[in-house]
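# All I have is the shape, not the residue letters:
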């Protein structure tokens, strides 16, 4: 019995010894100031491919680029498809301390392959300005001025089963004829939602990306119903809700021209290839008036 007690006490002592915090035994404190660590960071650009690295392997490093890319290796490559000026922050971690170093770099031209589909410019470029603002198409000639409602997923090209006017939308969902949705391609893919009413999701900004063409195309028989979708991060479009008031962050492009934008979301989270109901959002280019 005494041997068993001694054995148990020995195990407990060893267990407590093994649980000593690792930082008490091996402290990885940043030994250099930001000015010194900056000399270890290198950023190079080849077309639209950016390579970043650090020669300091004693500390953990975490990277954040202004276009949303993040990484955690000592050497990384990432794509910056848009021309413009960028910043890249390297955060060195050691123990309970952190040192931040920021570098800047420039990309001379857009990646021609990445933006080859015409939808990029149609959605987010107005003339020479690399951003475009959309408003509710409350005077449209294809749905009697209706701006929201439902129809058939893949079967409809606009809201047609149950449709609402701007007045109803404003009174019941908090929308406003003054709502604005702006997509930008200036250095990074950002968007801004401005709402004059009290509808969801309110004012805010976020990032966007399109998944279009190729395998992203949805067909209705032999006809193309949608070229693909817009995926949003951080916020949503004005009144980007379904009938149950749930905010959506992915919208399929049913129509996109220089002046018109119709988006759709499958009802109840249905799969993209399912035949069911859908919600539709009718927008037009700011300043455009239907004849």
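Looks like it arrived, so ask away. Being a predicted model, the structure only gives us computed values, none of them experimental.
# Just the strands from the stretch 101-250 of the chain, written as ranges.
Taking DSSP state E, counting those that start in this stretch, the strands of the stretch 101-250 of the chain run over residues 131-136, 148-152, 162-164, 180-184, 190-194, 204-212, 218-220, 223-226, 228-233, 250-256.
# would CSV of the ones you listed with mean neighbour count and distance to residue 75 be doable?
Quick note: C-beta positions are derived from backbone N, CA and C, even for glycine. Listed next are the strands of the stretch 101-250 of the chain as CSV, based on neighbours: other C-beta atoms under 10 Å; distance: least, C-beta to C-beta, whole Å:
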stretch, mean neighbour count, distance to residue 75
strand 131-136, 21, 34
strand 148-152, 21, 49
strand 162-164, 17, 54
strand 180-184, 20, 31
strand 190-194, 19, 28
strand 204-212, 16, 25
strand 218-220, 15, 39
strand 223-226, 15, 39
strand 228-233, 18, 26
strand 250-256, 21, 33
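# Mean pLDDT and distance to residue 76 added to those strands, as TSV?
Below are the strands of the stretch 101-250 of the chain laid out as TSV (pLDDT from 0 to 100; distance: least, C-beta to C-beta, whole Å):
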stretch	mean pLDDT	distance to residue 76
strand 131-136	98	29
strand 148-152	95	43
strand 162-164	96	48
strand 180-184	98	26
strand 190-194	97	23
strand 204-212	94	20
strand 218-220	92	35
strand 223-226	96	34
strand 228-233	94	21
strand 250-256	97	28
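# these two touch, right, residue 55 and residue 36?
No: using C-beta atoms under 8 Å, residue 55 is not in contact with residue 36, being 11.5 Å away.
# and stretch 97-111, how far from the chain's centre?
When distances are taken as C-alpha atoms, centre = their mean, to the nearest Å, stretch 97-111 is centred 19 Å away from the chain's centroid.
# List the buried residues of that stretch.
99, 101, 103, 105, 107, 110-111 (16 or more other C-beta atoms under 10 Å).
# which residues are in contact with it?
29-30, 32-34, 37-38, 41, 43, 45, 47-48, 50, 52, 79-92 (C-beta atoms under 8 Å, 6 or more residues apart in numbering).
# show me where this structure has helices.
2-18, 22-25, 34-38, 119-124, 166-173 (DSSP state H).
# tally of neighbours for residue 179?
Residue 179 sits with 25 neighbouring residues when counted by other C-beta atoms under 10 Å.
# what sits against the nearest residue to it once chain neighbours are set aside?
Distances taken as C-beta to C-beta, 6 or more residues apart in numbering put residue 238 closest to residue 179, at 3.9 Å, once the chain neighbours are dropped. Contact partners of residue 238, counting by C-beta under 8 Å, 6+ apart, are 136, 175, 179-181, 193-195, 199.
# okay if I get the strands of the stretch 101-250 of the chain as JSON lines plus distance to residue 66?
As requested, the strands of the stretch 101-250 of the chain are exported to JSON lines (distance: least, C-beta to C-beta, whole Å):
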{"stretch": "strand 131-136", "distance to residue 66": "17"}
{"stretch": "strand 148-152", "distance to residue 66": "35"}
{"stretch": "strand 162-164", "distance to residue 66": "39"}
{"stretch": "strand 180-184", "distance to residue 66": "13"}
{"stretch": "strand 190-194", "distance to residue 66": "10"}
{"stretch": "strand 204-212", "distance to residue 66": "11"}
{"stretch": "strand 218-220", "distance to residue 66": "33"}
{"stretch": "strand 223-226", "distance to residue 66": "31"}
{"stretch": "strand 228-233", "distance to residue 66": "15"}
{"stretch": "strand 250-256", "distance to residue 66": "24"}
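# Thanks a lot, catch you later.
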